[in-house]
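Peer 1: attaching a predicted model along with its sequence, questions to come.
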Amino acid sequence: MSASIVMSEYGDSSVLKHQETPVPTPGAGQILVKMVATGVNFIDIYRRQGIYPVALPHTPGTEGMGIVEALGAGVTTLAVGQRVAFADGIATYADFALVPAGRALLVPDGMDDATAAALPLQGLTAHYLATSTFPLAPGHTALVHAGAGGVGLLLIQLAKARGARVFTTVSSPEKAELALAAGADEVLSYDDFDGAARTLTDGHGVDVVYDGVGISTFDRSLKALSVRGMMVLFGAASGPVPDFDLQRLNAGGSLFITRPTLSDYVRTPDELAFRWNELTRLVGDGQLTVRVGGTYPLSHAAQAQDDLAARTTTGKLLLLSGS
């Protein structure tokens, strides 16, 4: 048997139950992974709340790291005993989980388990945002919201590595210190970040806003943009943005807006491998630091989700299997 977190209804974190479930059997093209750690992400909360409906009963989680325990039919590129990480696992809030073999990422020798578990989803997200959605380059100025969060800390580092000037928002002095240590040029208050961004750019505004916060920052993010600036809305930690009049993009200076998702930026095995290999190289070279902000026993999944939803945490939260 395997310990798993199971929800049989939508609701608050109390619907998450720690219980025994059968160890899954890998199908064709899948691997069975003995989980070491799984990442806690906002999408897990959205699914628990029913914002993104799922079939019930449901075990949350898609991201993590573990050891290959068994191979399904047709899997020839992996071997039992290898360490793998992934952003596309199935029901990873568990001691054992299934992963499509083509989406498994080999963990380099020398990378510790916690870093490998914390890097896939937020690392790949930060990478596509900085290199593809709005490819940053010297001369660009970017505003990164929630700069002490898991994506934020990585995105600041990647943006600086590409030569951009980076502003960020945080909610506490402690988070400001983390954002500055990651390389942010300016830390702004959520109360007046749009005005501050314009002041710091001599009235022009920033070239791009990376916004994973959502409704509470969206309107002023548009105001912080330069003419022909781009609004990249990649999350909704404070709630989803309601429908709005596209004429606002015209009035704001021929603005662009996009709502990207990771799956569209890792559509092929080659693109997934390219992003992962670049991230692991940067970590290995010491150019990219992955912050694990908290670890919890698997049985404390509800507390981990509540802490993430409260936006009081920094870096990545992990659930440790076997506990």
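Peer 2: Cool, got the structure.

Peer 1: mind listing what the nearest residue to residue 230 once chain neighbours are set aside touches?
Peer 2: Once flanking residues are discounted, residue 230 sits nearest to residue 256: 4.3 Å by Cβ to Cβ, 6 or more residues apart in numbering. In this view, the C-beta of every residue, glycine as well, is placed from N, C-alpha and C. Residue 256 sits next to 228-231, 249 when contact means Cβ atoms under 8 Å, 6 or more residues apart in numbering.

Peer 1: state the pLDDT value of the residue nearest the centre of the chain.
Peer 2: Centroid-nearest residue in the chain: residue 122, 2.9 Å away (criterion: Cα atoms, centre = their mean). With respect to pLDDT, residue 122 scores 95.

Peer 1: so which elements touch the helix or strand it falls within?
Peer 2: Here residue 122 sits within helix 120-128, counting by DSSP states H and E. On a contact count with 3 or more Cβ pairs under 8 Å, 6 or more residues apart in numbering; DSSP states H and E, helix 120-128 meets strand 30-39, helix 150-161, helix 269-284.

Peer 1: out of the ones you listed, which gets nearest to residue 217?
Peer 2: Among the helices and strands packed on helix 120-128, the nearest to residue 217 by Cβ to Cβ is helix 150-161 (12.4 Å).

Peer 1: residues near the closest residue to residue 102 other than its chain neighbours, how many?
Peer 2: Spatial nearest neighbour of residue 102, chain neighbours left out: residue 269 (5.6 Å); criterion: Cβ to Cβ, 6+ apart. If you count neighbours by other Cβ atoms under 10 Å, residue 269 ends up with 11.

Peer 1: so how far is residue 202 from residue 62?
Peer 2: Separation of residue 62 from residue 202 (Cβ to Cβ, to the nearest Å): 43 Å.

Peer 1: would you mind telling me which of the two has more residues around it?
Peer 2: residue 62 (23 against 7).

Peer 1: please, which helix or strand holds that one?
Peer 2: Residue 62 belongs to no helix or strand, assigned by DSSP H and E.

Peer 1: if I look at the nearest residue to it once chain neighbours are set aside, how far off is residue 35?
Peer 2: Nearest non-adjacent residue to residue 62, counting by Cβ to Cβ, 6+ apart: residue 89, 5.2 Å away. Residue 89 is 8 Å from residue 35, where distance means Cβ to Cβ.

Peer 1: ok, residue 291 next?
Peer 2: 21 Å.

Peer 1: return stretch 148-159 as CSV; C-alpha atoms alone will do.
Peer 2: What follows is stretch 148-159, C-alpha atoms only, in CSV (Å, rounded to 0.1, in the frame of the first residue of the first chain):
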residue,chain,number,x,y,z
ALA,A,148,10.3,36.3,-2.9
GLY,A,149,8.1,33.5,-4.1
GLY,A,150,9.2,30.4,-5.9
VAL,A,151,8.9,31.7,-9.4
GLY,A,152,9.8,35.2,-8.4
LEU,A,153,13.2,34.4,-7.0
LEU,A,154,14.2,32.3,-10.0
LEU,A,155,12.8,34.8,-12.5
ILE,A,156,14.8,37.7,-10.9
GLN,A,157,18.0,35.7,-11.3
LEU,A,158,17.3,34.7,-14.9
ALA,A,159,16.3,38.2,-15.8
